[in-house]
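Enquirer: Kindly return the folded structure for what I paste below:
(4 chains)
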Protein chains: 2
Amino acid sequence: MEIEEILDRIDPMPQPFQQKLIQELKLITVPKGHLLMSADRLADQVYFIRKGVVRAYVLHQEREITFWFGQEGDIAMSMNSFTIRKAAFEFLEALESTEVYAIAIETLQDLYRQDLYLANWGRKFAESELRLAEERFTARQFKTARERYEDFLNNYPGLLQRVQLGYIASYLGISQVSLSRIRMKPVGLTSSPRG
Amino acid sequence: MEIEEILDRIDPMPQPFQQKLIQELKLITVPKGHLLMSADRLADQVYFIRKGVVRAYVLHQEREITFWFGQEGDIAMSMNSFTIRKAAFEFLEALESTEVYAIAIETLQDLYRQDLYLANWGRKFAESELRLAEERFTARQFKTARERYEDFLNNYPGLLQRVQLGYIASYLGISQVSLSRIRMKPVGLTSSPRG
DNA sequence: TAAACTTTTTTACAAATGTTAAAAAAAGCG
DNA sequence: CGCTTTTTTTAACATTTGTAAAAAAGTTTA
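Expert: Numbers count the residues shown, from 1 in each chain, chains lettered A, B, ... in the order given. Down below sits the predicted model:
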């Protein structure tokens, strides 16, 4: 996906202002397994995904917890590192050979501070991510694991084929065994009294 | 808490720009139990909490799920209603007699579009909320219910005394019975083999 | 293509959490 | 106050989900 389209997905802005951002980008390609970002280090880049799939995960007691997937058109950054300029807590890993447009966080911050259109673009980006995060957070609370799995299939068509199930289970907040149990039984066949 | 302080908590901006926002605010007082916002209606106001406690909750199958608390200095808005101009999915309820500074969403949107400082203030607001949401989302995944309860006590000192436990249990993602079990046993005394 | 490795499913069991209902405690109110 | 209502705790039981380990399936590589 080309960069103009990625930017427009968040909020279209007049050409000249868009170009101010595009000018600063560098297209890089990373192999499967490459870490674009590591925990305990200051994240200094923001990535616009042109091609490929990445996941963000945290490491907790020897265990990886995947909490975000990004594919073509998505934007990856450590909000933690960006806002409070502290070391990131997450890893960002390419799950396929992946092409990203990269920009230094410092440069992006400068653009935001200088330009009204870009500042509002950045605002809309954060707002839309926040909206998704809230939706996902509440869904985690009142939807069953099976419903969340079905939502995942609908919201990320094709991703099931590109991402291994262990990562998806963790993303859904369940163990891989539970996910396997869900997939085993056909949809709609839950453990009702006389199931 | 006065409005200047509430705004500065997100990001300080030069006086004249801050005043552009403050000019538009109306201070209102609502009694305990009042709904500042209701699901299935377009949320048309943003609230800056001067005094009191509010909660945001969703209604799912006869059941209320509290997912956010706000107190002095916090800012309440329906990000869903704000960004995609759809009906809100959440309720916003005052848990005490509460004073809020209110501004129409439309007015705030206009201010953002016109002014660089305000646009960046709005961006930082969304970014910091997003950062908190991510933190809470991952914590939900790898912390036990007891740890989340302890985090709540640390992150919201005094709120335990102002909010009933049923709401807190729901906020923590557990049943009220579970919360009661946690509170029953002293800290550190978990169910170990010879507990 | 055989061996080595990784991923997914299955099994058996343990632990955590939910549900419903009732008792106890606390808060609200005339 | 004492009665009523609400909130919190406790109890008993059912269910979900997790863990660890093994089997099966699928991939990779020499």
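Enquirer: so who does residue A:113 touch?
Expert: A:119, B:116, B:120 (Cβ atoms under 8 Å, 6 or more residues apart in numbering or on different chains). For the C-beta atoms, the positions are set from N, CA and C on the backbone; glycine is no exception.
Enquirer: State whether it is indeed within a helix.
Expert: Yes - counting by DSSP: H, G, I helix; E, B strand; the rest coil, residue A:113 is part of a helix.
Enquirer: want to try TSV for the contacts of residue A:113, with neighbour count and pLDDT as columns?
Expert: What follows is the contacts of residue A:113, written out as TSV (neighbours: other Cβ atoms under 10 Å in any protein chain shown; pLDDT from 0 to 100):
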residue	neighbour count	pLDDT
A:119	24	98
B:116	19	98
B:120	23	98
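Enquirer: Of the residues you listed, which is the nearest to DNA strand C?
Expert: Comparing those against DNA strand C with Cβ to the nearest atom of the strand places residue B:120 closest, at 40.1 Å.
Enquirer: Pipe the contacts of residue A:113 into a markdown table and attach distance to residue B:139 and secondary structure per row.
Expert: Below are these laid out as a markdown table (distance: Cβ to Cβ, whole Å; DSSP: H, G, I helix; E, B strand; the rest coil):
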| residue | distance to residue B:139 | secondary structure |
| --- | --- | --- |
| A:119 | 30 | helix |
| B:116 | 35 | helix |
| B:120 | 28 | helix |
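Enquirer: So residue A:145 sits against residue A:171, correct?
Expert: No - counting by Cβ atoms under 8 Å, residue A:145 stays clear of residue A:171, with 11.5 Å between them.
Enquirer: Neighbour count: these two, which is higher?
Expert: residue A:171 (25 against 17; other Cβ atoms under 10 Å in any protein chain shown).
Enquirer: what residues does chain A put near DNA strand C?
Expert: Within chain A, the positions near DNA strand C by Cβ under 7 Å from any atom of the strand are A:164-166, A:176-177, A:179-181, A:183-184.
Enquirer: near DNA strand D, from the residues you listed?
Expert: Contacts with DNA strand D are made by residue A:177 out of the residues of chain A next to DNA strand C, judged by Cβ under 7 Å from any atom of the strand.
Enquirer: could I have stretch A:140-156 exported to CSV, CA atoms only?
Expert: Below are the C-alpha coordinates for stretch A:140-156, written out as CSV (Å, rounded to 0.1, in the frame of the first residue of the first chain):
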residue,chain,number,x,y,z
ARG,A,140,-12.6,-8.5,26.2
GLN,A,141,-14.8,-8.0,29.2
PHE,A,142,-18.2,-9.0,27.9
LYS,A,143,-17.6,-11.3,24.9
THR,A,144,-16.7,-14.9,25.3
ALA,A,145,-13.4,-16.2,23.9
ARG,A,146,-15.3,-17.8,21.0
GLU,A,147,-17.0,-14.5,20.1
ARG,A,148,-13.7,-12.7,20.2
TYR,A,149,-12.2,-15.3,17.9
GLU,A,150,-15.0,-14.9,15.5
ASP,A,151,-14.6,-11.1,15.7
PHE,A,152,-10.9,-11.5,14.9
LEU,A,153,-11.8,-13.5,11.8
ASN,A,154,-14.1,-10.8,10.6
ASN,A,155,-12.0,-7.8,11.5
TYR,A,156,-8.7,-9.3,10.1
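Enquirer: Any residue of it touching DNA strand D?
Expert: Yes - Stretch A:140-156 lies within reach of DNA strand D by Cβ under 7 Å from any atom of the strand, at A:144-145.
Enquirer: So what touches that stretch?
Expert: Contact partners of stretch A:140-156, identified using Cβ under 8 Å, 6+ apart, comprise A:69, A:71, A:139, A:159-160, A:168, A:171-174, A:178-179, A:182-183, A:187, A:190, B:58, B:60-61, B:63, B:65, B:67, B:137, B:140, B:170, B:173.
Enquirer: Show the average pLDDT along it.
Expert: Averaging pLDDT along stretch A:140-156 gives 89.
Enquirer: before we move on, the earlier item: helices - which of the contacts of stretch A:140-156 land there?
Expert: Among those, the ones falling in helices (DSSP state H) are A:139, A:159-160, A:168, A:171-172, A:178-179, A:182-183, B:137, B:140, B:170.
Enquirer: Make a ChimeraX selection of whichever of those turn out to be buried.
Expert: In ChimeraX, the members of the ones in helices among the contacts of stretch A:140-156 classed as buried (16 or more other Cβ atoms under 10 Å in any protein chain shown) are selected with the following command:
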select /A:159,168,171,172,179,182 /B:137,140,170
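Enquirer: quick one: which of the ones in helices among the contacts of stretch A:140-156 is nearest residue A:51?
Expert: residue A:159 (14.3 Å; Cβ to Cβ).
Enquirer: Surely residue A:167 touches residue A:54?
Expert: No - applying Cβ under 8 Å, one finds residue A:167 not in contact with residue A:54, separated by 11.0 Å.
Enquirer: any idea which helix or strand carries the residue nearest to residue A:139 when sequence neighbours are not counted?
Expert: Counting by Cβ to Cβ, 6 or more residues apart in numbering or on different chains, the nearest residue to residue A:139 once its immediate chain neighbours are dropped is residue A:148, at 6.4 Å. Element membership for residue A:148, per DSSP states H and E: helix A:145-155.
Enquirer: In that helix, which residues are buried?
Expert: So for helix A:145-155, counting by 16+ other Cβ under 10 Å, buried means A:145-146, A:148-149, A:152.
Enquirer: Now distance to residue A:85 too, for the residues you listed, in a markdown table please.
Expert: As requested, those are exported to a markdown table (distance: Cβ to Cβ, whole Å):
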| residue | distance to residue A:85 |
| --- | --- |
| A:145 | 37 |
| A:146 | 41 |
| A:148 | 34 |
| A:149 | 37 |
| A:152 | 33 |
